[in-house]
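**Q** have a look at this prediction, sequence included:
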2 protein chains.
Amino acid sequence: MNRQQLIDQIKKKKSFLCIGLDVDLDKIPAHLLTFEDPIFEFNKQLIEATHHLAVAYKPNTAFYEAYGLKGWRSLQKTIDYLNSNYPEIFTIADAKRGDIGNTSTRYAKAFFEDMNFDSITVAPYMGIDSVEPFLAFADKFTILLALTSNKGGLDFQILKDENGQTLYEKVLQTSKNWKNSDQLMYVVGATRPEFFQNIRKIVPDHFLLVPGVGAQGGSLQEVCKYGINKDIGLLVNSSRGIIYASSGKDFAEKAKEKALELQKEMEEIIIKR
Amino acid sequence: MNRQQLIDQIKKKKSFLCIGLDVDLDKIPAHLLTFEDPIFEFNKQLIEATHHLAVAYKPNTAFYEAYGLKGWRSLQKTIDYLNSNYPEIFTIADAKRGDIGNTSTRYAKAFFEDMNFDSITVAPYMGIDSVEPFLAFADKFTILLALTSNKGGLDFQILKDENGQTLYEKVLQTSKNWKNSDQLMYVVGATRPEFFQNIRKIVPDHFLLVPGVGAQGGSLQEVCKYGINKDIGLLVNSSRGIIYASSGKDFAEKAKEKALELQKEMEEIIIKR
């Protein structure tokens, strides 16, 4: 998928909602456990119920890896299902990968080619030659961790250098100069709304993937105040708040209600802009 | 495995060699491709030929993930084979994972419990709550990226803060105070020998996993000069230089020769110390 197709989808659906498919067998409705592949069944029903409200789905690969081969099979079936039925939807492998050159190329092939995700999240610690191999794939996006929503995000990411520049700013600034940097997006946590204004000074045009709205306490209004740009430029993610809205047989219906609430709020923000 | 068992093994074998099992189907001897699982067959023969010379094996998970479900199966078979036949050997999942709390726990369970690796490499960018979940597992080790051997390692890792402390130093210093930090090890590239003296000032006792000897140009002598401590405290990795020493039917024999060269050099260093 290219950038314009993503923007078109956002405008059409009046939504920049991303739904995190972080599937935990201990949390999904009990009646699904009798299915041959409960994880896929859960995802399929969620996607059926919400695909008109969301522009992106983001499975966190850790949840699938935790179930070994069976989990990888569920992930593959989920991405195949999305690509076959809703090719306009932007798919994100939340894998937080990153390794030296030829190894990153392996990861890129696995997620971009074999599994056919549109994008993957990548950690920046190892620098240019750990990220550029991902950027070499046309119409695929690399979503670099910049300022994460968790408590430990502040351990290193806001360290200031001699010139007062923080690490996350340096990551934004430096990566802008890498080859094919127009295929970069950045992870910025919704729990850090005070940083968005500054981030938009460094990367005015790039899309930001924003986790942390909902369960983690981030505010959609606060994020949009400074985060939104002329193309919207945001993918705001909610996981638990939507997919575990109910643990009963009505889970997909309740997920739809929660997604609709967020979509309506986004529609208002888009219109008012 | 606990720390003392690793040290005992090093003393017994007079070796601190780690062999990187970065298996690429394009590079392995052609005659193996007729086997039902060529990757596992390659690993098995390499392990058979070198297990008396090496104290650790380190499959880089990217190489296995690149082959999808089949690759994960080969990885599982490889770790099962090591655990069944050579339980004294230290196993490292070179996965460079790292995510927020409950997600890191998922990764830890997958690698420590389901696959039964002794250790995993983890990226520090997301801070304390992305790493401590790994440290919660007894007799399992978390190997934190500190100063990596690749070119891009210098993009962010040696950034200096207002007090002149670099990012990698801050990672070492900060992580020492995390819960169960005695179960930490650190990745320090052999291509940066000038940094070892300083690193040992911050983490005198921790084990360092040192990639970059051989194909990447690092020197074993230089690394040991300042890196070695009273328990040896080093696991020096070679991947390509050993496992692809020959592309013929004699690949395991040639791998053994290369491993023996390094082991002999290590033995001399251990004796002279």
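**A** Received the coordinates, thanks.
**Q** would you confirm that residue A:19 belongs to a helix?
**A** No - secondary structure of residue A:19 (DSSP: H, G, I helix; E, B strand; the rest coil): strand, not part of a helix.
**Q** what residue, apart from its backbone neighbours, is nearest it spatially?
**A** Nearest in space to residue A:19, with sequence neighbours left out and distances taken as CB to CB, 6 or more residues apart in numbering or on different chains, is residue A:54 at 4.8 Å. Placement of C-beta: from N, CA and C, glycine included.
**Q** got phi/psi on that neighbour?
**A** Note on residue A:54: its backbone torsions stand at phi -110, psi 150 [degrees, to the nearest 10].
**Q** residues contacting it?
**A** Counting by CB atoms under 8 Å, 6 or more residues apart in numbering or on different chains, residue A:54 makes contact with A:13, A:15, A:17, A:18, A:19, A:89, A:259, A:263.
**Q** closest one of those residues to residue B:32?
**A** Nearest to residue B:32 out of those is residue A:89 (CB to CB; 40.4 Å).
**Q** who touches the nearest residue to that closest one once chain neighbours are set aside in this structure?
**A** Spatial nearest neighbour of residue A:89, excluding adjacent residues (CB to CB, 6+ apart): residue A:82 at 5.7 Å. Residue A:82 is in contact with A:47, A:57, A:89, A:91, counting by CB under 8 Å, 6+ apart.
**Q** now do the strands in the stretch 51-200 of chain A.
**A** In the stretch 51-200 of chain A, the strands defined using DSSP state E, counting those that start in this stretch lie at A:56-58, A:90-97, A:119-122, A:141-147, A:184-188.
**Q** before we move on, the earlier item: take the contacts of residue A:54 and write them to JSON lines, including pLDDT.
**A** JSON lines is the format used below for the contacts of residue A:54 (pLDDT from 0 to 100):
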{"residue": "A:13", "pLDDT": "98"}
{"residue": "A:15", "pLDDT": "98"}
{"residue": "A:17", "pLDDT": "98"}
{"residue": "A:18", "pLDDT": "98"}
{"residue": "A:19", "pLDDT": "98"}
{"residue": "A:89", "pLDDT": "98"}
{"residue": "A:259", "pLDDT": "98"}
{"residue": "A:263", "pLDDT": "98"}
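**Q** what two of those residues are the furthest from one another?
**A** Going by CB to CB, the pair spanning the contacts of residue A:54 furthest: A:89 and A:263, at 14.1 Å.
**Q** TSV for the contacts of residue A:82, including neighbour count?
**A** What follows is these, written out as TSV (neighbours: other CB atoms under 10 Å in any protein chain shown):
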residue	neighbour count
A:47	21
A:57	25
A:89	21
A:91	24
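**Q** wait, which of these is closest to residue B:177?
**A** Closest approach between these and residue B:177, by CB to CB: residue A:57, at 38.0 Å.
**Q** list the helices and strands the strand or helix carrying residue A:241 packs on?
**A** Using DSSP states H and E, residue A:241 falls within helix A:240-243. The helices and strands touching helix A:240-243, judged by 3 or more CB pairs under 8 Å, 6 or more residues apart in numbering or on different chains; DSSP states H and E, are strand A:17-20, helix A:38-50, helix A:251-272.
**Q** can you pull the contacts of the closest residue to residue A:77 other than its chain neighbours?
**A** Leaving aside its sequence neighbours, residue A:77 sits nearest to residue A:40 (CB to CB, 6+ apart; 4.5 Å). Contacts for residue A:40 were tallied using CB under 8 Å, 6+ apart; they are A:74, A:77, A:78, A:81.
**Q** if you set the cut-off to 6 Å instead, what comes out?
**A** Neighbour list for residue A:40: A:74, A:77, A:78 [criterion: CB atoms under 6 Å, 6 or more residues apart in numbering or on different chains].
**Q** quick check: the gap between residue A:197 and chain B.
**A** 23 Å (CB to the nearest CB, to the nearest Å).
**Q** doesn't residue A:226 make contact with that residue?
**A** Yes - distance between residue A:197 and residue A:226: 4.0 Å, which falls inside the contact criterion (CB atoms under 6 Å).
**Q** higher neighbour count, the two?
**A** residue A:226 (16 against 11; other CB atoms under 10 Å in any protein chain shown).
**Q** got the contact list for that one?
**A** Counting by CB under 6 Å, 6+ apart, residue A:226 has contacts A:196, A:197, A:200.
**Q** now do the same for the first one: its pLDDT.
**A** Read that as residue A:196. On the pLDDT scale, residue A:196 is placed at 95.
**Q** and the one 10 residues further on, by the same measure?
**A** At residue A:206, the predicted lDDT confidence score is 98.
**Q** let me know which of the helices and strands packed on helix A:240-243 is tucked in deepest.
**A** strand A:17-20 (a mean of 26; mean count of other CB atoms under 10 Å in any protein chain shown).
**Q** strand partners of that strand, parallel vs antiparallel please.
**A** With DSSP bridges as the test, strand A:17-20 is paired with strand A:56-58 (parallel), strand A:234-238 (parallel).
**Q** chain B contacts on chain A?
**A** A:60, A:62-63, A:65-66, A:68-69, A:72, A:96, A:98-100, A:103, A:106-107, A:109-110, A:114, A:123, A:125-130, A:145, A:148, A:150-153, A:155-156, A:159-162, A:174 (CB under 6 Å from any CB of the partner chain).
**Q** now the contacts of residue A:40 in JSON lines, with neighbour count?
**A** Shown next, in JSON lines, are those (neighbours: other CB under 10 Å):
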{"residue": "A:74", "neighbour count": "22"}
{"residue": "A:77", "neighbour count": "16"}
{"residue": "A:78", "neighbour count": "25"}
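**Q** packing partners of the lowest-mean-pLDDT helix or strand in chain A?
**A** Lowest mean confidence among the helices and strands of chain A (mean pLDDT, DSSP states H and E): helix A:101-108, at a mean of 91. Counting contacts by 3 or more CB pairs under 6 Å, 6 or more residues apart in numbering or on different chains; DSSP states H and E, helix A:101-108 packs against helix A:128-135, helix B:61-65.
**Q** pick the most buried one from the strands paired with strand A:17-20.
**A** Among the strands paired with strand A:17-20, ranked by average contacts under mean count of other CB under 10 Å, first place goes to strand A:234-238 (a mean of 27).
**Q** which residues touch it?
**A** Contacts for strand A:234-238 (CB under 6 Å, 6+ apart): A:16, A:18, A:20, A:56, A:58, A:208-211, A:213-214, A:227-228.
**Q** farthest pair in the residues you listed?
**A** Pairwise over these, using CB to CB, the maximum falls at A:20 and A:228, 20.5 Å.
**Q** nearest to residue B:186, out of the helices and strands packed on helix A:240-243?
**A** strand A:17-20 (31.4 Å).
**Q** contacts only, for residue A:207.
**A** Residues near residue A:207 by CB under 6 Å, 6+ apart: A:185, A:233.
**Q** hmm, 8 Å instead?
**A** A:3, A:6, A:141, A:185, A:186, A:231, A:233, A:234, A:235.
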